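**Q** sequence-free structure coming up:
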């Protein structure tokens with residue numbers, strides 16, 4: 001920002017020179033201070049600095065030689081605080097189109113009901129042994145070892161039944177496993193050393 005204001009006679013007045021000097025000496029530090037107060041919002045910081053300097057121009061005696069720095073920083077801080085209070089007092093602004101996106105993104109009870117019906121039908125298609133392993137591990141949250149103790153079978157059997165139960169459940173739901181998800185399959189990025 002450069003000052004090219006000329007007086008009514010075309011010559012720069014002492015007040016204008018004092019303001020230009022004040023700007024050159026204080027605007028950079030004042031901007032950094034306000035920027036820090038506003039959390040990095042550059043546009044609002046520029047507005048606050050401009051308003052502070054304008055108020056200084058209107059109200060302060062720039063030709064007296066008194067230091068203006070404390071006054072500038074206090075006014076800038078007050079402007080930031082006032083702006084914050086104003087924003088907190090007003091209701092939250094909303095975009096007029098956001099409500100439709102939010103409405104479409106919300107899952108309702110019908111979606112939940114349909115999902116549970118589909119999962120229930122797929123779960124019924126499993127063998128009783130697979131169902132009990134899935135129930136003990138996923139529904140109750142037990143570890144493989146704890147499920148083995150409850151079911152009275154070895155942990156290795158629990159792991160095996162769990163693997164086959166999940167695989168059968170995926171097939172019943174129509175979920176197709178990609179080659180990367182197959183047990184023992186190497187991912188696409190896998191390569192052998194030369």
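**A** Okay, I see it. Given the structure is predicted, the values throughout are model-derived calculations rather than measurements.

**Q** what is the helix or strand containing residue 88 packed up against?
**A** Taking DSSP states H and E as the criterion, the element that holds residue 88 is helix 69-89. Under the contact criterion of 3 or more C-beta pairs under 8 Å, 6 or more residues apart in numbering; DSSP states H and E, helix 69-89 touches helix 14-37, helix 42-59. Quick note: C-beta positions are derived from backbone N, CA and C, even for glycine.

**Q** so what does the shortest one touch, helix or strand wise?
**A** Packing partners of helix 42-59 (3+ C-beta pairs under 8 Å, 6+ apart): helix 14-37, helix 69-89.

**Q** just to revisit the earlier point, which stretch among the helices and strands packed on helix 69-89 comes nearest residue 145?
**A** Closest approach to residue 145 among those is made by helix 14-37 (54.6 Å; C-beta to C-beta).

**Q** quick one: contacts for residue 31?
**A** For residue 31, the contact set (C-beta atoms under 8 Å, 6 or more residues apart in numbering) comprises 45, 46, 49.

**Q** at 7 Å what do you get?
**A** By C-beta atoms under 7 Å, 6 or more residues apart in numbering, the contact set of residue 31 is 45, 49.

**Q** what is the burial count for residue 40?
**A** By other C-beta atoms under 10 Å, the residues close to residue 40 number 9.

**Q** just checking, which helix or strand succeeds the least confident helix or strand in the chain by mean pLDDT along the chain?
**A** Using mean pLDDT, DSSP states H and E, the weakest-scoring helix or strand in the chain turns out to be helix 98-105, at a mean of 64. Heading C-terminal from helix 98-105, the first helix or strand you meet, by DSSP H and E, is helix 109-124.

**Q** distance of residue 78 relative to residue 58?
**A** Using C-beta to C-beta, to the nearest Å, residue 78 is found at 15 Å from residue 58.
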